[in-house]
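Asks: pasting the sequence and the predicted coordinates here, then a few questions.
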Amino acid sequence: MILSDEQISFFKAKGYLIVPGAMAQDQCEKVRELMWQGLPINAAIQADDPTSQIGPFKTTDESTDTRHVRQGYRWLNRFLGVSPEVIKLIYSESICAMATQLLGGHLRQAVANGLPMGSYGNAWPGGPTDPATGNEGARGVYCTLPYGNRAVEPDQCHTDGHPFQLGVVGLIGDCPQDGGGFKVWPGSHERLYPTFALRYDQPRIPYYEHLPSYKGIAHSPEYLQEIAKLNEELKPVECWGKAGDIVFWHHRLAHMAGHNYTNTLRQAVLADFWTTDLDALRGTPAQGDMWRDWSEQVQQCKGGYSTALAVAQRL
Ligand SMILES: [Fe+2]
């Protein structure tokens, strides 16, 4: 499986690309099984009982371990991000070949049975877990429990603060519309890129408990303005689909974890791609051609695509 010129053009123009059927069904099933096997023996949530999967998690099932979070509606198994099965699935030869078609250069290699994301806890007290710290594999298997009777909430986009170049979300179970699929703001990568000081990183301010107004990351006023505009003006695209479908997304693309208003558990593997040049590139200025270190094919394509492809991309 390789990407066509048209798919690459779409990715360049919109900052994301859904690739249906990129992961093998039997491997998706195997990882779904591992997710259930990772629970405590007496867990109330059960694989064969969809009613038990409606969120939030029962207090007795909760876990605040940053390597295996079960809280509210989120179930994040980061231990599995370094399991050989997940690495085989999301860093497969064909997915890595597609990532290389986009990024060029040499991909960083994941380490099976290495350190999982969350090994050093949160980035600061009460803060998020930094996906770039102590993470030798994928981010992990991320599930969103059905919301049940929880009220409908507005969509709010963000960008990720840690350095990488290309993200991927791979559905390991069918995810219907409104079922918590990854949401993207198409074209936002081009609008947000120039609002950053650094190409693949951003300035950080140490967090002090008695001086709480800065929480780690310093955003430019231009960035905050653009995020507000995106939330007001642009309708996100929801990457729903079948087990085996993946979506590639650009590092600077605005996105969010979708809300799950269905009765189906949303199950996905999240992973990052970057090249061995990332350390040299991350602190260079985010000005000029945003594609200058991507593949020749990406740099040369013009960004045209058919209506049929746009429809398949949920645009
Ligand atoms: Fe994010």
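Replies: It's in. Numbering: from 1, shown residues only.
Asks: any idea how far Pro186 lies from Phe196?
Replies: 19 Å (C-beta to C-beta, to the nearest Å). C-beta: built from backbone N, CA, C; applies to glycine.
Asks: and Val31, by the same measure?
Replies: For Val31 relative to Phe196 (C-beta to C-beta), the value is 34 Å.
Asks: settle it for me: which of the two has more neighbours?
Replies: Taking neighbours as other C-beta atoms under 10 Å, Val31 and Phe196 compare with Val31 leading, 25 against 21.
Asks: tell me which helix or strand that one sits in.
Replies: Assigned by DSSP states H and E, Val31 belongs to helix 25-37.
Asks: next one: Gln101
Replies: Going by DSSP H and E, Gln101 is in helix 93-103.
Asks: give me the contact list for that helix.
Replies: 1-3, 8, 11, 19, 22-23, 107, 165-166, 168, 170, 246, 248, 273-275, 294-295, 297-298 (C-beta atoms under 8 Å, 6 or more residues apart in numbering).
Asks: same thing but at 10 Å, please
Replies: With C-beta atoms under 10 Å, 6 or more residues apart in numbering as the test, helix 93-103 has contacts from 1-4, 7-8, 11-12, 17, 19, 22-24, 89-92, 106-107, 109-110, 165-166, 168, 170, 246, 248, 250, 271, 273-275, 277-278, 291, 293-295, 297-298.
Asks: swap in stretch 120-129?
Replies: Contacts of stretch 120-129 (C-beta under 10 Å, 6+ apart): 64-67, 69, 76, 78, 117-119, 130-135, 139-140, 160-162, 204, 206-209, 212, 214-217.
Asks: next one: that stretch to chain centre, how far?
Replies: Here the centre of stretch 120-129 is set off from its chain's centre by 18 Å, with C-alpha atoms, centre = their mean, to the nearest Å.
Asks: any idea how far apart the tips of it sit?
Replies: 8 Å (C-alpha to C-alpha, to the nearest Å).
Asks: the contacts of stretch 120-129 in strands, which ones?
Replies: Those of the contacts of stretch 120-129 mapping onto strands are 69, 76, 140, 204, 216-217, per DSSP state E.
Asks: closest one of the residues you listed to Pro176?
Replies: Nearest to Pro176 among the ones in strands among the contacts of stretch 120-129 is Leu76, at 21.1 Å by C-beta to C-beta.
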